[in-house]
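A.B. asks: A structural model of the following input is requested.
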Amino acid sequence: MIIEKPAIHGIMAEFSTAEELIDAVRAARDKGYHKMDAYTPVPLEELHDLLHIHDNRVSLCTLIGGLFGGFGAFALIQWCSALAFPLNIGGRPLISVPTSIPITFEGTVLIAGLTAAISMFLLNGLPMPYHPVFNVERFAYASRNKFFLCIEAEDPHFDRREVADFLQSLEPDEVAEVAN
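C.D. replies: Below you'll find the model as predicted:
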C-alpha cells in the first residue's frame, strides 16, 4: 500500500521583524517566485509593490455602480414627473434637471456604496471561514508580533525541496509546510 503525502498549499517561513520579511520577499522575487503571500500584524506599504498587489476591480465596480445608480435615479424621477404623473403647475416644465439633482446624487451614492460593499465581499472571496495557513501552529502569532512569507505551490517554479532550502537560507525563525 502506497500512502501519498497530501497536496500542500505552500511553504511558510516565519520572521521576527518587518525588515527581514521585506528582504525575504525581495530575495524570493529575485529567485523567480511570483505566487506568494505575506502575513503581518501591521500594514506594510512596501509589500504592495513587492507582491504586486494592485487590484482595482472594487474601484471599477463602484464606479460602474455609481453611474448606473445616478442614471437610474435621474431616469426614474423624469419618468415619474413627465410620463407617469404629469402635473403642469404654474407652467413649469415637466422635465426639470435642477429639481432632479438631489435624487440623482442620492441614487448615485446609494448604489455606489452597495456595489462597493458587495463587490468587496465577492472579490475577496468572503466569507472564508477556513484557509490552509491556519494549519501552521505558529501562524497564530501573525496577528501579534511575527511576520510570515508563504510561497504557494501554485507557483510555476515551486519545488518542495528547493523552496524549503531557499527559505531556510534566509535564516527565518522557522520554516513549515502548509498542508491543504
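A.B. asks: which helix or strand contains the residue in the chain sticking out farthest from the centre?
C.D. replies: When distances are taken from the C-alpha mean of the chain, G90 lies farthest, 54.0 Å away, according to C-alpha atoms, centre = their mean. Counting by DSSP states H and E, no helix or strand carries G90.
A.B. asks: and it, how far from T40?
C.D. replies: Look at G90 and T40: by C-beta to C-beta, to the nearest Å, they are 64 Å apart. C-beta: built from backbone N, CA, C; applies to glycine.
A.B. asks: and the contacts of the helix-or-strand element of the chain with minimal mean pLDDT?
C.D. replies: In the chain, no helix or strand scores lower on mean pLDDT, DSSP states H and E than helix 45-50, which sits at a mean of 88. Helix 45-50 has contacts (C-beta atoms under 8 Å, 6 or more residues apart in numbering) with 21-22, 25-26, 29, 38, 40, 53-54.
A.B. asks: now do the end-to-end distance for stretch 166-180.
C.D. replies: Stretch 166-180 has an end-to-end distance of 21 Å (criterion: C-alpha to C-alpha, to the nearest Å).
A.B. asks: quick one, strands of the protein?
C.D. replies: Under the criterion DSSP state E, the chain contains strands at 8-15, 36-39, 147-152, 174-179.
A.B. asks: report the contact partners of V136.
C.D. replies: Counting by C-beta under 8 Å, 6+ apart, V136 makes contact with 12, 176, 178.
A.B. asks: all set, thanks.
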